[in-house]
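# could you work out the structure for the sequence below:
(one chain, ligands or ions: 2)
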Amino acid sequence: MAPNPTHTALWPAPHASEAVDATVHVPGSKSVTNRALVLAALASEPGWLRRPLRSRDTLLMAGALREMGVGIEEGVGPDGTGEAWRVLPAGLRGPATVDVGNAGTVMRFLPPVAALADGPVRFDGDPRSYERPLTGVIDALRVLGARIDDDGRGALPLTVHGGGALDGGPVEVDASSSSQFVSALLLSGPRFNQGVEVRHTGATLPSLPHIRMTVDMLRAVGAQVDTPESGGEPNVWRVTPGALLGRDLTIEPDLSNAQPFLAAALVTGGRIVVPDWPARTTQPGDRLREIFTEMGGSCELTEYGLVFTGSGAIHGIDVDLGDVGELTPGIAAVAALADSPSTLRGVSHLRLHETDRLAALTKEINELGGDVTETADGLHIRPRRLHGGIFHTYDDHRMATAGAIIGLAVEGVQIENVATTAKTLPDFPDLWTGMLGTSGV
Ligand SMILES: O=C(O)C1=C[C@@H](OP(=O)(O)O)[C@@H](O)[C@H](O)C1
Ligand SMILES: C=C(OP(=O)(O)O)C(=O)O
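Ligands and ions are numbered 1, 2, ... in the order given. Alright, predicted model coming up:
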């Protein structure tokens, strides 16, 4: 078979000849958009999503919900400004086919929704989606009363035979491989007959801020949720059954997608402004204010947004990224350019993300002359003088943006398949060249 030209295409990563100084309008959050779509689809009245992210992962989510009968219309927001989606909940139905692509949020959040549908819902996706962990969701749904056919591996592809309702109740799940197992069960929980009580039994739990995001967004649509933080038992979340409200929600910018731009300020000793950076948020990307400050920058959060300034120096860091794993590729890229070594910990579950991110970062940075070693739960990065070469991306959007960060400081870096950034940020190449003041590629 002829190679796919999009995948083999090489993008010359722009090299920064001077310090960046730009304002970057970062599109909406993937995690917030996909939760908002699910909650709006399960509500008892129509709702609005303003400034939704339009990327592969969110279009797959919207497409899947439409397949199950939900109305999602293009429109302008209720106040007449800004693009929006109007979500019209309807009786969920099969037969339906859902393409999850390689979206963790789609493959984990939608099987519980499908269990509420009337009829079978078939789930399939990219080859990598067959390898990503899903057992936690499948086993838990079976305990809660769902009928699911899979090939016995506890992974995609599978069919959920929706019965129009689900008993729900208490369930144990080991979510050490993905916090999305917990989020998935909580998001649909209010619509289960008995609600749901999720007890995490694993030794570790990654991405806690993403579980808090789920809880916050559930509460904002009227759900009653008890959590370990609200005085409940450790590792137990309880959702009471009840109807959900339709909301008018403006989606925050994706702070994890702001990362490469903030990194550009660090790497070039420049300044980046990200408008609409939320004053309070559950997005893990908010931790960048602290992490990138420790690595040499400084930031000011104003009513307008975040102003982030690099000092010209980049320092190594020793940090546990278990809560904010999706920031690892961008931090590793900056660490490879630093003036001292870094140790990134707490992220063994990244081996089962879009690609094995620990292996991919190690290989690609080392092929440019770097000195990265994998540890049991992360990376050890000793900065070296890097040289140009091809930076492979393994269908991983965050590998592509990590390579672009290195390319700012190292001449001759070529990113293979930069189009993979479409998973969460289709505008990445244009935003990047726009930030540098060059013409779009
Ligand atoms: O719930 C979410 O929106 C996400 C949770 C995290 O997943 P894991 O807990 O599987 O790392 C994160 O890495 C992913 O990008 C988005
Ligand atoms: C891990 C990620 O995505 P997903 O939602 O597919 O798990 C990510 O975006 O870094």
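# which residues pair with the closest residue to residue 298 other than its chain neighbours across the strands?
Nearest non-adjacent residue to residue 298, counting by Cβ to Cβ, 6 or more residues apart in numbering: residue 309, 5.3 Å away. Where C-beta positions appear, they are placed from N, C-alpha and C, glycine not excepted. When bridges are taken as DSSP bridges, the partners of residue 309 come out as residue 271, residue 298.
# what's the local residue count around residue 309?
Neighbours of residue 309 under the rule other Cβ atoms under 10 Å: 20.
# need the residues of the stretch 201-350 of the chain near ligand 1, please.
By the rule Cβ under 6 Å from any ligand atom, the part of the stretch 201-350 of the chain lying against ligand 1 is 206, 207, 210, 325, 326, 349.
# quick one on the thing from earlier: so what's the residue nearest to residue 298 up against?
265, 270, 271, 297, 298, 299 (Cβ atoms under 8 Å, 6 or more residues apart in numbering).
# quick one: residue 86 is in a strand?
Yes: assessed by DSSP: H, G, I helix; E, B strand; the rest coil, residue 86 belongs to a strand.
# that older thread, give the PyMOL command for selecting the buried subset of the contacts of residue 309.
To isolate the buried ones among these in PyMOL, judged by 16 or more other Cβ atoms under 10 Å, type:
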select buried, resi 265+270+271+297+299
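# reformat the residues of the stretch 201-350 of the chain next to ligand 1 as TSV; add neighbour count.
Shown next, in TSV, are these (neighbours: other Cβ atoms under 10 Å):
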residue	neighbour count
206	24
207	24
210	23
325	23
326	27
349	22
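# which of those residues sit farthest apart?
Spanning the widest gap among these are 210 and 349, at 12.2 Å by Cβ to Cβ.
# excluding its backbone neighbours, what's nearest residue 146?
That would be residue 115: by Cβ to Cβ, 6+ apart, it lies 4.0 Å from residue 146.
# for that neighbour, what are phi and psi?
Here is the backbone geometry of residue 115 (degrees, to the nearest 10): phi -60, psi -20.
# ok, it touching residue 168?
No: when contacts are counted by Cβ atoms under 8 Å, residue 115 is not listed as touching residue 168 (9.6 Å).
# any shared contact partners between the two?
With Cβ under 8 Å, 6+ apart, residue 115 and residue 168 have common neighbours 144, 145.
# can you tell me the SS state at the residue of the stretch 251-400 of the chain found nearest ligand 2?
Residue of the stretch 251-400 of the chain nearest ligand 2, by Cβ to the nearest ligand atom: residue 326 (3.6 Å). Under three-state DSSP, residue 326 falls in the helix class.
# where's the nearest residue to it once chain neighbours are set aside, which helix or strand?
Spatial nearest neighbour of residue 326, excluding adjacent residues (Cβ to Cβ, 6+ apart): residue 256 at 5.2 Å. Residue 256 belongs to no helix or strand when assigned by DSSP states H and E.
# now do residue 61
With DSSP H and E as the criterion, residue 61 is inside helix 56-67.
# what about that helix, average pLDDT?
Computed over helix 56-67, the mean pLDDT rounds to 98.
# how about stretch 119-136?
On average, stretch 119-136 scores 97.
# quick revisit: tell me who's in contact with the residue of the stretch 251-400 of the chain closest to ligand 2.
Residue 326 neighbours (Cβ under 8 Å, 6+ apart): 207, 256, 284, 353, 398.
# quick one, what contacts the third one?
Residue 284 makes contact with 207, 209, 210, 255, 256, 323, 324, 325, 326, 327, according to Cβ under 8 Å, 6+ apart.
# what is the burial count for the fifth one?
Counted with other Cβ under 10 Å, the burial measure for residue 256 works out to 26 neighbours.
# repeat for the fourth one
Counted by other Cβ under 10 Å, the residues lying close to residue 255 total 26.
# all strands for the stretch 1-150 of the chain, in order.
Assigned strands in the stretch 1-150 of the chain, in chain order: 10-12, 21-23, 47-50, 71-76, 83-88, 96-99, 118-124, 147-150 (criterion: DSSP state E, counting those that start in this stretch).
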